[in-house]
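Enquirer: from the sequence below, what's the structure:
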Amino acid sequence: MRTLLVWCPDWAVVAAEIVDGVDGSGPVVVLRENRVVACSEAARQEGVRQGLRRREAQSRCPRLVVVEDDPGRDARAFEPVVAAVEEVAVGVEVIRPGACALAARGPARYFGGEEAAAERIVEQIAEACAVESQVGIADGVFAAGLAARDGRVVAPGETAAFLAGMPIDALERRELVDLLKRLGVKTLGGFAGLPAGDVLSRFGFDGALAHRLASGRDHRPLAVRQPPPDLDVAGTYDEPLARVDVAAFAGKVLAERLHEKLAAHGLACTRLGIEAVTADGQELHRVWRHDGTLTAAAIAERVRWQLDGWLTGARRGTATRPTAGLVRLRLIPDGVLVHLGLQPGLWGDAGADRERAHRAFSRVQGLLGPEALVTPVLGGGRSADDQIRLVPWGDEREVARPAAAHTEPVPEISTVPLLAHSEAPVLSLQLFLPTAEESADEEPTEDTDPRTPTEGAEVIQLESRRAARAAGAPKEQLEPAKARLRVVEPAPETTAEPAPETTAEPTDGVTVVTVPAGRHRGGGRRVPALVALPPWPGRLPKPAPAVVPLQPLGAVVLDDTGTPVGVSARLELTGDPASLIVERGNPITVTGWAGPWPLDERWWADEESRRRARFQVVLDDGRALLLSLVGGHWAVEAIYD
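Expert: Below you'll find the predicted structure:
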């Protein structure tokens, strides 16, 4: 792609001059980690170069002005330059502060050639921003950046020849450049002549990208910058608007147009700017702010209020009335945000019920404030109180801490209790070799008994295989090419009946992990799909609590003797929970409990650390609560349904 790149020399120095008022005509250097990253022309005349240490640079030029590197300052100062380029060309991509690129085809066809387009863009930047710039055009962003250093236009098809004579330092990869110089590669043409496969195997992926750039090819196309949409609406009137009712009607029409334009982009307005121009050239401007989102009626209402204040100000004893009628009105959405409630439906209609509910909620917010009506947003967290974030109605429902789906306890893995070793049935492993008529890749059906080998199949006991391996048997006998491994249980009459899963208690803390059936990637078998986000460790398991108080309720847990229950440093209970007292109420009998589950959050930050133990208890009245113990104090964090 023919690429036009705009480069502003010594942009870090120019940005310091624009923002901080530094005299850029004098010797100025910009330091990062005590090394020079940019310097002015006057400093270069004194012998200052990039990469020098601060002391050495100051020794070469004692009157040197030192400025610390600030990428944010450079980016803010470069925004007007990008806006100036967008006034004459579209599709601008910011490479870095001080350089931006765009496709050269459009400006070249519009201005009558690539050189004419380059001259027009340089003039536009000089007129709008008073900044010196240079333009380079070549096949690709990398080559255009090098051409911009000389203000050169490389002819189509000659980019590879143009890069061949460039020094290898143009890659701006210090470690790779040093290694290539030691290997005898001095130019980009010499590096591009190396085989691509050898470069990848020797220098890795970054070296392969550098080799592609040296050959005159970019590793990705331009990611153009989309200019912000023009959301302003304006109206011009031949007859000046001197009466409030006539001006209010005109403002209502503009308000509906503004609301429709915002809805088409899925946006909502929170700050509204109202501008008016009188017949004799007087300009009036006011900004209205709203805590929620402004609807079409709310915008029209504020426009009417403002026009009434402007046109009738003299009758209220003030001198703010315009000297003539209004000939131009303009509404500016000064503050906008994404509003999903305004997105149109599948057939272009958002629905009357949704719109009516939105108007009702907005009216409640207008009467009581934006925080009076909130909606929950589920995100990541370990406790019930930090998983939910309350967002005012109309604001963006963004997840502050994204997390994976609430699975239990690990995605795609379920746990079941395991009996004690003395009670568990004895399992034996047998290897069944299929016959010639049976395919080894065939999956067993549901009605196939795993204890029964296929007819004609050979049965190999694993004990005999271990003995054969110890005796030095050939590998072909030990590891057949295609075999099916099954877990064989004893006959039902000799197997102890396991307890149901709902009532089985884990013994000695042992748990068996069962993975669902799937296919492996290598052998064509199924594998469980990977989750996009990892789960939160220590997150509350399912089911989620139904009620979470805004503030935890104080509680006391007592044992059979009426002594408060605590937890030791070894997570041992001082007694079994027998009753619970919540907020100085009557004691309630505890019929079941589980825990403790320790939780030590942000232990590295003293002010934010939180260490606690969580319990789940069931009361005799049927309620289930989530309790926490922090510093010897019990609290009710959530209530289960």
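
Enquirer: relative to L272, how far out is the residue lying closest to V88 once chain neighbours are set aside?
Expert: Of all residues not flanking V88 in the chain, Q124 sits nearest, at 5.2 Å (C-beta to C-beta, 6 or more residues apart in numbering). Just so you know, the C-beta spots here come from the backbone N, C-alpha and C atoms, and that holds for glycine as well. According to C-beta to C-beta, to the nearest Å, Q124 stands 32 Å off from L272.

Enquirer: what about the two, which has more around it?
Expert: More crowded of Q124 and L272, by other C-beta atoms under 10 Å: L272, with 23 against 19.

Enquirer: show me what contacts that one?
Expert: By C-beta atoms under 8 Å, 6 or more residues apart in numbering, L272 lies in contact with V287, W288, R289, H290, L294, I299, R302, L331, I332, P333, D334.

Enquirer: redo that, cut-off 10 Å
Expert: 255, 258, 286-290, 294, 298-299, 302-303, 306, 331-335 (C-beta atoms under 10 Å, 6 or more residues apart in numbering).

Enquirer: same deal with A143?
Expert: So A143 contacts 3, 5, 136-137, 154, 158-160, 162-163, 166, 170, 188, 213-214, 216-218 (C-beta under 10 Å, 6+ apart).

Enquirer: where in this structure is the helix or strand with the lowest mean pLDDT?
Expert: Within the chain, no helix or strand scores below strand 511-514, which has a mean of 36 by mean pLDDT, DSSP states H and E.

Enquirer: tell me the helix or strand right after that one.
Expert: Sequence order places strand 553-558 as the next helix or strand after strand 511-514, per DSSP states H and E.

Enquirer: run the chain-centre distance for that next one.
Expert: For strand 553-558, the separation from the chain centroid amounts to 40 Å (computed by C-alpha atoms, centre = their mean, to the nearest Å).

Enquirer: returning to what we had before: in strands only, show me the contacts of L272.
Expert: Among the contacts of L272, the residues falling in strands (DSSP state E) are R286, V287, W288, R289, H290, L294, L331, I332, P333, D334, G335.

Enquirer: now, of those residues, which are buried?
Expert: W288, H290, L294, L331, I332, P333 (16 or more other C-beta atoms under 10 Å).

Enquirer: please report how far D386 lies from D169.
Expert: 51 Å.

Enquirer: now A99. Its backbone dihedrals?
Expert: Backbone geometry at A99, expressed as degrees, to the nearest 10, gives phi -150, psi 130.

Enquirer: how many neighbours does D600 have?
Expert: Residues near D600, counting by other C-beta under 10 Å, number 11.

Enquirer: against P537, how distant is the residue most central in space within the chain?
Expert: Closest residue to the average C-alpha location of the chain: P402 at 8.7 Å, with C-alpha atoms, centre = their mean. Using C-beta to C-beta, P402 is found at 15 Å from P537.

Enquirer: how about the closest residue to P552 other than its chain neighbours, secondary structure?
Expert: Of all residues not flanking P552 in the chain, A635 sits nearest, at 3.8 Å (C-beta to C-beta, 6+ apart). Here A635 is recorded as strand under DSSP: H, G, I helix; E, B strand; the rest coil.

Enquirer: how many residues are close by A635?
Expert: 17.

Enquirer: ok, L188 next?
Expert: Other residues lying near L188 total 29 when counted by other C-beta under 10 Å.

Enquirer: so what's the nearest residue to it once chain neighbours are set aside scoring on pLDDT?
Expert: Once flanking residues are discounted, L188 sits nearest to A214: 4.2 Å by C-beta to C-beta, 6+ apart. With respect to pLDDT, A214 scores 88.

Enquirer: quick one, what contacts A214?
Expert: Going by C-beta under 10 Å, 6+ apart, A214 touches 142-143, 160, 163-164, 166, 168, 170-171, 180, 185, 187-194, 199.

Enquirer: and those residues, which are buried?
Expert: Buried, going by 16+ other C-beta under 10 Å: 142-143, 160, 163-164, 166, 168, 170-171, 180, 185, 187-189, 191-192, 194, 199, out of the contacts of A214.

Enquirer: could you pull out the strands for the stretch 1-150 of the chain?
Expert: Secondary structure of the stretch 1-150 of the chain by DSSP state E, counting those that start in this stretch: the strands cover 2-7, 28-32, 35-39, 65-68, 93-96, 99-103, 134-139.

Enquirer: weakest of these by average pLDDT?
Expert: strand 93-96 (a mean of 84).

Enquirer: and A372, how many neighbours does it have?
Expert: Number of residues near A372 (other C-beta under 10 Å) recorded here: 15.

Enquirer: still on that earlier bit, quick one: the residue nearest to L188 from S133, how far?
Expert: Going from A214 to S133 by C-beta to C-beta gives 26 Å.

Enquirer: now do Q365
Expert: To S133, Q365 is 48 Å away according to C-beta to C-beta.

Enquirer: just want to know which of these two has more residues nearby.
Expert: A count of neighbours by other C-beta under 10 Å puts S133 above the other of Q365 and S133, at 26 against 21.

Enquirer: in this structure that one contacts G151, no?
Expert: Yes. Using C-beta atoms under 10 Å, S133 makes contact with G151 at a distance of 9.4 Å.

Enquirer: and the helix ranked longest in the chain, how far from the chain's centre?
Expert: Ranked by number of residues, the top helix in the chain under DSSP state H is helix 244-264. Its chain's C-alpha centre and that of helix 244-264 lie 36 Å apart, by C-alpha atoms, centre = their mean.

Enquirer: CA atoms of the helix or strand that it is followed by as PDB?
Expert: Per DSSP H and E, the first helix or strand lying C-terminal to helix 244-264 is strand 267-278. What follows is strand 267-278, C-alpha atoms only, in PDB (Å, rounded to 0.1, in the frame of the first residue of the first chain):
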ATOM      1  CA  LEU A 267     -25.000   7.600  22.700                       C
ATOM      2  CA  ALA A 268     -26.700   9.700  25.400                       C
ATOM      3  CA  CYS A 269     -26.000  13.300  26.400                       C
ATOM      4  CA  THR A 270     -25.100  14.400  29.900                       C
ATOM      5  CA  ARG A 271     -23.900  18.000  29.200                       C
ATOM      6  CA  LEU A 272     -25.600  20.200  26.700                       C
ATOM      7  CA  GLY A 273     -24.100  23.300  25.200                       C
ATOM      8  CA  ILE A 274     -26.500  26.000  23.800                       C
ATOM      9  CA  GLU A 275     -25.200  28.600  21.400                       C
ATOM     10  CA  ALA A 276     -27.000  31.500  19.800                       C
ATOM     11  CA  VAL A 277     -26.100  34.300  17.400                       C
ATOM     12  CA  THR A 278     -28.100  37.500  17.200                       C
END
